[in-house]
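1. Any chance you could fold what I've pasted below:
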Amino acid sequence: MSWELALEYIKTLIWPVIVLTLGLTFKRQVGGLIGRLQSLETPVGSANFGEKADAVGQVAAEIGDEISSQLASMDSSEIGDGEKPEGNESSADSHSDRFDVDNDVEVRIRSLISREGPDPTSIVLNSWRAVEQAMSKSLRDSVGPNPPPGYLIKTVANQGLLSSQLIALVNDLFELRNQVVHGAGLMIAKADAESYQKAAANVIDALELAESPGYRAMAYEERVFRALRTLVGVSIERPFNNRTAGHDFLVTLGGGKIVAIETKYRVRQPLRAGDADEIFGNVRKQVRLKVGRDVPVLLITNAVLKPDIEKLNRERSGDVPSAEVIQWNGHEDNDYLLRALGRAMG
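-> Residues are numbered from 1 along each chain as shown. Have a look, this model is predicted:
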């Protein structure tokens, strides 16, 4: 082979070799860069710690604004926070005690969320602990001291009173917290930790709004509506404004028989017979104006039925049309709901 031919081969092959060498070198550099970006794989793609924390905070703020708007449009009679005490229990004392307890928890939560430790990791951990305390506050039944975070989130979600989107944001914060605690060599800047702190504060604000009696009442009504849709399909009518309609739903059963449905969510005290009887009368009066006749009334509550309600049910079961109070707390109670609709048909 002549030197001229060998030189031509070298000229031909040299650029692919150079490109390959540069490519391998650049790949190693890119790999190191990606490692330094502290990226997180999320359902919506890849985002760094601070960006995802900012996104969680923004969505949480939007949820809080939406809940506030819904609460502002509510009739005060639907809020359920002015529940009457039973027996000789002092309403003022009961509410004052509750207010003191709530304030104490609120002070602890705000103290945690505003506390800045000596490093970004401490800011994240304090912020997450504040979220945990806010979730524990929203539970009516104690889960014991220091429950595992995953169990706490699941217990709060199982109440069914928080939107799936809000639960997802709590999970996002938990995952970000885990990245800091368990991430191999993950170091975050203070600005990223402050983004997490702000996101946690917005989530806590949304949790507190969602924990309010008014919002719980709205969420409960929505759950009952979905259960009825499952049982009776499209034969359920929801008034445009149930504040003026006097009822939450009208269900049309076989033979065109109509049943009026009213929900009543209770926070502190169970429903009393006197209140239930008054609701029966008001619902029947308003529905009569709409359909031109009296219809059966079904009052659905989350509260345990006390003996005075059971007595009222016995008295009203013989009425034509009938009226009844039932307890419903989830799809496990759908059989009770279906049988109550059957009794209303007569």
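
2. so A260 makes contact with V287?
-> Yes - applying Cβ atoms under 8 Å, one finds A260 in contact with V287, separated by 4.7 Å. C-beta here means a position set from N, CA and C on the backbone, and glycine is covered the same way.

3. Tell me which of those two has more neighbours.
-> Of the pair A260 and V287, A260 is the one with more neighbours under other Cβ atoms under 10 Å, namely 28 against 24.

4. can you give me the strands for this structure?
-> Secondary structure of the chain by DSSP state E: the strands cover 39-42, 45-48, 236-237, 249-252, 258-264, 297-301, 323-327.

5. May I have the fifth one exported as CSV, CA atoms only?
-> So that's strand 258-264. Taking only C-alpha atoms (Å, rounded to 0.1, in the frame of the first residue of the first chain), the coordinates of strand 258-264 have been written out as CSV:
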residue,chain,number,x,y,z
ILE,A,258,-90.8,11.4,43.7
VAL,A,259,-88.6,11.4,46.9
ALA,A,260,-87.1,14.6,48.2
ILE,A,261,-83.6,14.3,49.6
GLU,A,262,-82.0,16.6,52.1
THR,A,263,-78.5,16.2,53.6
LYS,A,264,-77.3,17.4,56.9
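
6. If you count contacts, what does it end up packed against?
-> With contacts defined as 3 or more Cβ pairs under 8 Å, 6 or more residues apart in numbering; DSSP states H and E, strand 258-264 has these neighbours: helix 213-232, strand 249-252, helix 273-291, strand 297-301, helix 334-345.

7. Which residue, neighbours along the chain excluded, lies closest to A60?
-> Across the structure, with Cβ to Cβ, 6 or more residues apart in numbering as the measure, the residue nearest A60 apart from its sequence neighbours is N202 (3.7 Å).

8. What residues does the one you found make contact with?
-> If a contact means Cβ atoms under 8 Å, 6 or more residues apart in numbering, then N202 has 56-58, 60-61, 64 as its contacts.

9. related to what we said a few turns ago, of the helices and strands packed on strand 258-264, which is nearest L312?
-> Comparing the helices and strands packed on strand 258-264 against L312 with Cβ to Cβ, the closest turns out to be helix 273-291 (4.5 Å).

10. Show me what that closest one is packed against.
-> Secondary elements touching helix 273-291 (3+ Cβ pairs under 8 Å, 6+ apart): strand 249-252, strand 258-264, strand 297-301, helix 307-317, strand 323-327.

11. List the buried residues for that helix?
-> Neighbour-count burial for helix 273-291, counted by 16 or more other Cβ atoms under 10 Å, picks out 273, 275-277, 279-280, 283-284, 286-287, 290.

12. Other residues contacting that helix?
-> Contacts of helix 273-291 with the rest of the structure, by Cβ under 8 Å, 6+ apart, involve 84, 245-247, 250, 258, 260, 262, 264, 294-295, 297, 299, 306, 308-309, 311-312, 316, 323, 325.

13. try 6 Å this time
-> Contact partners of helix 273-291, identified using Cβ atoms under 6 Å, 6 or more residues apart in numbering, comprise 246-247, 260, 262, 294-295, 297, 299, 308-309, 312, 323, 325.

14. circling back: may I see the helices and strands packed on strand 258-264 organised as CSV, with distance to L152 and mean pLDDT added?
-> As requested, the helices and strands packed on strand 258-264 are arranged in CSV below (distance: least, Cβ to Cβ, whole Å; pLDDT from 0 to 100):
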stretch, distance to L152, mean pLDDT
helix 213-232, 19, 88
strand 249-252, 34, 90
helix 273-291, 34, 91
strand 297-301, 27, 94
helix 334-345, 27, 90
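
15. so how far is G64 from the residue nearest to A60?
-> Applying Cβ to Cβ, to the nearest Å, the value for N202 to G64 is 7 Å.

16. And W128, by the same measure?
-> With distances taken as Cβ to Cβ, W128 is found 19 Å from G64.

17. Neighbour count for the two, which is higher?
-> W128 (24 against 20).

18. what pLDDT does the closest residue to that one other than its chain neighbours get?
-> With sequence-adjacent residues excluded and distances taken as Cβ to Cβ, 6+ apart, W128 is closest to R177, at 4.3 Å. Confidence per residue is given as pLDDT, and for R177 that number is 90.

19. follow-up on the earlier one: show me the one of the helices and strands packed on strand 258-264 that comes nearest V124.
-> It is, among those and with distance given as Cβ to Cβ, helix 213-232, at 28.2 Å.

20. buried stuff in the closest one?
-> 213-221, 223-225, 227-228, 231-232.

21. for those residues, which one is nearest L139?
-> Distances from L139 to the buried residues of helix 213-232, taken as Cβ to Cβ, are shortest for R216 (12.3 Å).

22. CA atoms of stretch 213-222 as CSV?
-> Once non-C-alpha atoms are left out, stretch 213-222 reads as follows in CSV (Å, rounded to 0.1, in the frame of the first residue of the first chain):
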residue,chain,number,x,y,z
PRO,A,213,-67.7,22.7,58.8
GLY,A,214,-69.0,24.5,55.7
TYR,A,215,-66.7,22.8,53.3
ARG,A,216,-67.2,19.4,54.9
ALA,A,217,-71.0,19.9,54.5
MET,A,218,-70.5,20.6,50.8
ALA,A,219,-68.2,17.6,50.4
TYR,A,220,-70.7,15.4,52.2
GLU,A,221,-73.5,16.5,50.0
GLU,A,222,-71.5,15.8,46.9
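
23. Nothing else from me, thank you.
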